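[1] output the structure for:
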Amino acid sequence: MRGKDIIGLAETGSGKTGAFAIPILQGLLKKPHYNYSLILAPTRELALQIRQHFLDLGSKFGLKVLCLVGGQHVEDQYKSLKTEKHHIIVGTPGRIAYHIENSKELLLHRVRFFVLDEADRMLGGDFDSQLESILSKLSEKRKSFLFSATMTGNLEKVQAACLRMPVRLETAKKYTTVDNLDHAFVFLPDQRKDAYVVKLLVDLGGSTSCESRTVIFVSTARESLRLGEILKTMIGRDRVVILNGLMRQDKRGAALQKFKSGEATIMVATDLASRGLDIPEVQLVINYDIPSHPASWSEAAKAYIHRVGRTARAGRPGRAVSLVTPYSVTRLKIIESTLGSQIAQLAWVDPCDSDPNLLSKVEEAAAHAKAVSLRVHSGDIDGKNFFLLQAFHSMVFTDLTC
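    Numbering: from 1, shown residues only. Here you go, the predicted structure:
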């Protein structure tokens with residue numbers, strides 16, 4: 001990279017983490033010292049994954065990596081900062097900014113490589129002030145890397161704030177999917193979505209093979225709880241995990257590990273799982289809800305790209321199916337317009353035609369989900385979010401017909 005600041009733009013699953021990890025490790029081997037690199041990620045899960053990538057690459061020469069994220073005890077992190085020296089620090093902006101404000105142990109002036117991964121997600125709200133606080137503590141002699149799957153106006157603002165005369169490396173158009181992805185949609189009545197998902201999982205292997213994994217994206221945390229409980233009843237409790245931002249960090253980590261290991265083969269998730277997480281061997285992505293974004297339709301298209309990018313990674317083939325109802329068809333058309341291509345349409349076949357008992361099974365599973373959802377998941381949910389979920393609970397579960 002010849003000592004230049006870098007903007008790296010590439011499709012999801014193309015190895016962006018390695019693109020910054022390898023040159024950082026090369027530089028560290030030549031001139032080792034602690035606090036050599038600071039890497040920021042927008043979510044805890046991505047930060048923990050980046051930490052593991054560095055450990056995998058650098059374990060042979062005693063690399064020390066510290067991860068500073070929310071959901072972990074601040075006191076334990078402070079102790080690690082005070083008593084141990086680390087070559088690499090990975091964290092979320094909020095927790096890094098917290099330690100800058102409340103601890104004298106985080107010495108960022110020593111940082112020689114600064115990385116923003118999934119940089120376009122670290123803008124707006126508290127992120128702006130947190131980034132400003134972090135940047136103010138970094139040496140001007142540092143090299144900065146900025147990585148994302150797409151280039152947006154927001155990303156250009158970040159570039160202006162922290163990069164100097166950067167070299168731009170781009171391997172993809174602004175909005176594109178990889179060639180080895182087979183993605184399509186099915187137009188169906190809203191009341192058929194649950195039954196169709198169950199049938200789709202069976203037909204495409206998402207529930208029958210321990211080697212096959214499926215990610216189902218929903219729009220809200222409460223919807224992930226509802227659909228997740230239905231699928232646990234219909235398919236098997238051990239085969240399905242749920243991932244959303246209301247869950248406690250330890251429960252999120254356990255669910256992700258269970259899915260990565262293949263112990264569970266189906267994950268029902270919010271967009272928390274759509275960016276950065278490297279989950280191998282995902283054969284199928286189901287968009288239970290078409291992505292939407294309050295800011296702009298281009299952001300919705302970007303969310304679609306990142307969701308379907310959980311499959312067809314690193315050259316492997318993959319498939320994505322989106323469920324489109326009369327309420328979401330406009331969203332699909334705008335996403336197609338932004339992508340510049342039409343998404344193939346699958347023929348609609350009522351799943352109840354081939355399984356006359358599916359109606360009663362789904363209704364029974366929905367009733368069971370309503371009865372057990374809070375009882376099962378209240379212990380998994382972060383305390384500050386529990387009462388919010390309770391308030392919404394009566395709104396979540398509606399009668400299902402097929």
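
[2] contact partners for the spatially most central residue of the chain?
    By Cα atoms, centre = their mean, the mean C-alpha position of the chain lies nearest to A273, the distance being 2.8 Å. The contact partners of A273, by Cβ atoms under 8 Å, 6 or more residues apart in numbering, come to 45, 215, 217, 243, 267, 279, 310. Bear in mind the C-beta positions are built from the backbone N, C-alpha and C, glycine included.

[3] neighbour-wise, which one of those leads?
    Comparing the contacts of A273 by number of neighbours (other Cβ atoms under 10 Å), F217 comes first, having 29 neighbours.

[4] which residues of this protein score low on pLDDT?
    1-2, 11-14, 124-125, 150-154, 172-175, 204-211, 276, 280, 294-297, 372-402 (pLDDT under 70).

[5] for it, which helix is longest?
    Secondary structure assigned by DSSP state H gives helix 358-377 as the longest helix of the chain.

[6] which other helices and strands does that helix contact?
    Under the contact definition 3 or more Cβ pairs under 8 Å, 6 or more residues apart in numbering; DSSP states H and E, helix 358-377 sits against helix 193-204, helix 221-235, helix 351-354, helix 383-396.

[7] skipping adjacent residues, who's closest to G15 in space?
    On the basis of Cβ to Cβ, 6 or more residues apart in numbering, the spatially nearest residue to G15 that is not a chain neighbour turns out to be A314, at 7.2 Å.

[8] now do the SS call for the one you found.
    Reducing the assignment to helix, strand or coil with DSSP: H, G, I helix; E, B strand; the rest coil, the entry for A314 is coil.

[9] from A184, how far out is it?
    When distance is defined by Cβ to Cβ, to the nearest Å, A314 is 22 Å away from A184.

[10] could you measure from A41 over to Q52?
    With Cβ to Cβ as the criterion, A41 and Q52 are 12 Å apart.

[11] tell me which of the two has more neighbours.
    Taking other Cβ under 10 Å, A41 and Q52 do not tie; A41 has more neighbours (28 against 15).

[12] what sits against the residue lying closest to the more buried one once chain neighbours are set aside?
    Once its chain neighbours are removed from consideration, A41 has its nearest residue in A47; the separation is 4.2 Å (Cβ to Cβ, 6+ apart). For A47, the residues meeting the contact criterion (Cβ under 8 Å, 6+ apart) are 39, 41, 67-69, 90-92.

[13] how about these in a markdown table, adding secondary structure?
    As requested, these are arranged in a markdown table below (three-state DSSP):
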| residue | secondary structure |
| --- | --- |
| I39 | strand |
| A41 | coil |
| C67 | strand |
| L68 | strand |
| V69 | coil |
| V90 | strand |
| G91 | strand |
| T92 | coil |
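
[14] the longest helix of the chain vs helix 221-235, what angle?
    The directions of helix 358-377 and helix 221-235 differ by 120 degrees, with axes from the mean of the first three to the mean of the last three Cα atoms, to 10 degrees as the criterion.

[15] dump the C-alpha coordinates for helix 358-377 into PDB.
    Output of helix 358-377 as PDB, limited to C-alpha atoms (Å, rounded to 0.1, in the frame of the first residue of the first chain):
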ATOM      1  CA  LEU A 358     -50.000 -27.200   7.300                       C
ATOM      2  CA  LEU A 359     -52.700 -24.700   8.300                       C
ATOM      3  CA  SER A 360     -53.400 -26.300  11.600                       C
ATOM      4  CA  LYS A 361     -49.700 -26.900  12.300                       C
ATOM      5  CA  VAL A 362     -48.800 -23.200  11.700                       C
ATOM      6  CA  GLU A 363     -51.700 -21.900  13.800                       C
ATOM      7  CA  GLU A 364     -50.700 -24.300  16.600                       C
ATOM      8  CA  ALA A 365     -47.100 -23.200  16.400                       C
ATOM      9  CA  ALA A 366     -48.100 -19.500  16.400                       C
ATOM     10  CA  ALA A 367     -50.200 -20.000  19.500                       C
ATOM     11  CA  HIS A 368     -47.300 -21.800  21.200                       C
ATOM     12  CA  ALA A 369     -45.000 -18.900  20.200                       C
ATOM     13  CA  LYS A 370     -47.300 -16.400  21.800                       C
ATOM     14  CA  ALA A 371     -47.400 -18.400  25.000                       C
ATOM     15  CA  VAL A 372     -43.700 -19.000  25.400                       C
ATOM     16  CA  SER A 373     -41.900 -16.100  23.800                       C
ATOM     17  CA  LEU A 374     -41.500 -13.800  26.800                       C
ATOM     18  CA  ARG A 375     -41.000 -16.800  29.200                       C
ATOM     19  CA  VAL A 376     -38.200 -18.200  27.000                       C
ATOM     20  CA  HIS A 377     -36.400 -15.000  26.000                       C
END
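
[16] distance from the chain centre to that helix, please.
    27 Å (Cα atoms, centre = their mean, to the nearest Å).

[17] next, the angle from it to helix 193-204.
    Computed by the same axes, to 10 degrees, the angle between helix 358-377 and helix 193-204 is 100 degrees.

[18] in the stretch 51-200 of the chain, which spans are strands?
    Remark: strands of the stretch 51-200 of the chain, listed N- to C-terminal, are 65-68, 88-91, 113-117, 143-148, 167-170, 181-187; assignment by DSSP state E, counting those that start in this stretch.
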